[in-house]
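K.L.:
Kindly generate the corresponding structure for this input.
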Amino acid sequence: MPTLFIDVKPADAAAVAEIQIDGSALVGNKLELEAPRRVHVSVIAVGFHRFHADVMVDADKTLPVTLAPRPHKKNRTLAVTLGMGAIGVIGWLVRRR
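P.N.:
Here you go, the predicted structure:
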């Protein structure tokens, strides 16, 4: 029986990660298969970019998954925020006509 181990890095992402195999949620990070086959692996963690991959599991295999953090939107300056608001108001006025 082939086994797939999913190793999620960094530890912050591993703590909140949701792992799905072929659309079904996986409890833990290990999947034992009856026979060799191809599976679709999705790893989603809040605050990190998603990971998707198709993996052929024909023997025991470890899949390393490194999730990069998403930048938060609090880095916007006041000028950018005001500019975006002004563009929104102008768009609303144009649509009203």
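K.L.:
roughly how far apart are the nearest residue to Ala14 once chain neighbours are set aside and His40?
P.N.:
Leaving aside its chain neighbours, Ala14 sits nearest to Val8 (4.1 Å; criterion: C-beta to C-beta, 6 or more residues apart in numbering). Using the backbone N, CA and C atoms, a C-beta is placed for each residue, glycine as well. Using C-beta to C-beta, to the nearest Å, we find Val8 at a distance of 16 Å from His40.
K.L.:
What ranges does this structure have for its helices?
P.N.:
Assigned by DSSP state H, the chain shows helices spanning 11-16, 78-96.
K.L.:
which one of those lies closest to Leu26?
P.N.:
Checking the helices of the chain against Leu26 by C-beta to C-beta gives helix 11-16 as the closest, at 13.1 Å.
K.L.:
For the helices of the chain, please prepare CSV with the additional fields mean neighbour count and mean pLDDT.
P.N.:
Shown next, in CSV, are these (neighbours: other C-beta atoms under 10 Å; pLDDT from 0 to 100):
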stretch, mean neighbour count, mean pLDDT
helix 11-16, 14, 93
helix 78-96, 9, 75
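K.L.:
Thr3: how many residues sit nearby?
P.N.:
Residues near Thr3, counting by other C-beta atoms under 10 Å, number 13.
K.L.:
wait, what's in contact with it?
P.N.:
Applying C-beta atoms under 8 Å, 6 or more residues apart in numbering to Thr3 gives the contacts Lys30, Leu31, Glu32, Leu33, Val57, Asp60, Lys61.
K.L.:
Any of those residues buried? List them.
P.N.:
Leu31, Val57 (16 or more other C-beta atoms under 10 Å).
K.L.:
Just the ones of the contacts of Thr3 in strands?
P.N.:
Lys30, Leu31, Glu32, Val57, Lys61 (DSSP state E).
K.L.:
Among these, find me the one that's closest to Ile44.
P.N.:
Leu31 (16.4 Å).
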